[in-house]
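Student: no sequence for this one, just the structure:
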Ligand SMILES: NC(=O)C1=CN([C@@H]2O[C@H](COP(=O)(O)OP(=O)(O)OC[C@H]3O[C@@H](n4cnc5c(N)ncnc54)[C@H](OP(=O)(O)O)[C@@H]3O)[C@@H](O)[C@H]2O)C=CC1
Ligand SMILES: CC(C)(CO)C(=O)C(=O)O
């Protein structure tokens, strides 16, 4: 399949690499010039579960996507605040049949995608895979993961299942979900706890799990997500979600991962996606008159840290 990865940072590189290894015709698109130039000259270099490898992938600089080069599938993997610009820049790659799959963390990205893509071509989902960028053109990938996705447009279930199959054929372990809003909220609970807390506490997920207040903090944050989701008709089971989130503490699975927010802010002094995760729950809480003190406070702490570190 002819696939573009729009936003080829850590996760985009993982998905691009695995889909390339699975025999697809993959193009990585990104705005970071040094990263794209390095891959163009030397290939994408990866440490994949301890094994060093280099893959020759096609690349395009986001600002130079101006030739007609239509894709069958585009997987969006920018940071939330880069999504609108990316969709605007990749217009030449979108035909009336191009399917667009969004796997960003956070809530509500479909509102932006709908501005650029007809509903019948929009697929949304989330992933438990992890990845880290070690420098331009270089990623570190370990552990297992999964993907859930669903069509937004009516009657596109079969296409959603086909996309899931393409991902699964490349080892990405994807499944069709018949209630993706539930899955997205459930995954947002992982990010709403792990990402902000690990970033402020300067630790990975296993490290957070070893601290004595971890369970109480995680449960209190998730409770706020559950209340807001319930108001929107999404019924999350608090105990099940807490257990799901706490499974991330396990150092033998993904516990040693530093969440993407940590990588952004602490490692690279870059702005975070907090406003699309805990910040989104705070905004919704205000709208629905649901108190969300933990999310409010965590979002404030992250914003203060962004200012202290002069994140850009
Ligand atoms: N990393 C992870 O383990 C996981 C991440 N996610 C989600 O996937 C989406 C993509 O995240 P992720 O892959 O981590 O994003 P990255 O931070 O690795 O990359 C996103 C973009 O940021 C820019 N960038 C990143 N690092 C640098 C740098 N050092 N210097 C200059 N520019 C840089 C690049 O774009 P540009 O130059 O155009 O700004 C890049 O495309 C997010 O929504 C995230 O929450 C989901 C699951 C796990
Ligand atoms: C859940 C987790 C921590 C890994 O999938 C993630 O989504 C992130 O790093 O942002």
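Tutor: Cool, got the structure. Remember, it's a predicted structure, so these values are computed and weren't measured experimentally. Ligands and ions are numbered 1, 2, ... in the order given.
Student: What is the burial count for residue 216?
Tutor: If you count neighbours by other CB atoms under 10 Å, residue 216 ends up with 9. Placement of C-beta: from N, CA and C, glycine included.
Student: Torsion angles phi and psi at it?
Tutor: phi -60, psi -40 (degrees, to the nearest 10).
Student: Numbering from 83 from now on, please.
Tutor: Got it, the first residue is 83 from now on, which makes the last one we talked about residue 298.
Student: In space, not sequence, find me the middle residue of this protein.
Tutor: Centroid check for the chain by CA atoms, centre = their mean gives residue 186 as the closest residue, at 3.1 Å.
Student: Tell me which residues touch it, please.
Tutor: With contacts defined as CB atoms under 8 Å, 6 or more residues apart in numbering, the neighbours of residue 186 are 158, 159, 160, 161, 162, 165, 355, 358.
Student: what residues are up against residue 155?
Tutor: Taking CB under 8 Å, 6+ apart, we find residue 155 in contact with 83, 84, 85, 86, 180, 181, 182, 183, 245, 248.
Student: Can you tell me what sits against the helix or strand hosting residue 381?
Tutor: Residue 381 belongs to helix 375-390 when assigned by DSSP states H and E. Residues from elsewhere that reach helix 375-390, judged by CB under 8 Å, 6+ apart: 274, 278-279, 281-282, 299, 302-303, 306-307, 343, 347, 353-354, 356-357, 360-361, 363-364, 367, 393.
Student: near ligand 2 too, which of these?
Tutor: Near ligand 2, judged by CB under 6 Å from any ligand atom, there are no entries from the contacts of helix 375-390.
Student: Next step: the residues you listed restricted to strands.
Tutor: Judged by DSSP state E, these include no members of strands.
Student: Now list the buried members of those residues.
Tutor: 274, 278-279, 281-282, 299, 303, 306-307, 343, 347, 353-354, 356-357, 360-361, 363-364, 367, 393 (16 or more other CB atoms under 10 Å).
Student: Which of those residues fall in helices?
Tutor: Assigned to helices by DSSP state H, the following of the buried ones among the contacts of helix 375-390 qualify: 278-279, 281-282, 299, 303, 306-307, 343, 360-361, 363-364, 367.
Student: Model confidence for the closest residue to ligand 2 within the stretch 83-232 of the chain, exactly?
Tutor: Minimum separation of the stretch 83-232 of the chain from ligand 2 (CB to the nearest ligand atom) falls at residue 212, amounting to 4.4 Å. Confidence at residue 212, expressed as pLDDT, is 93.
Student: Residue 224 is in contact with that one, correct?
Tutor: Yes. Judged on CB atoms under 8 Å, residue 212 makes contact with residue 224 at a distance of 7.4 Å.
Student: quick one: which of those two has more around it?
Tutor: Neighbours were counted for residue 212 and for residue 224 using other CB under 10 Å; residue 212 has more, 23 against 15.
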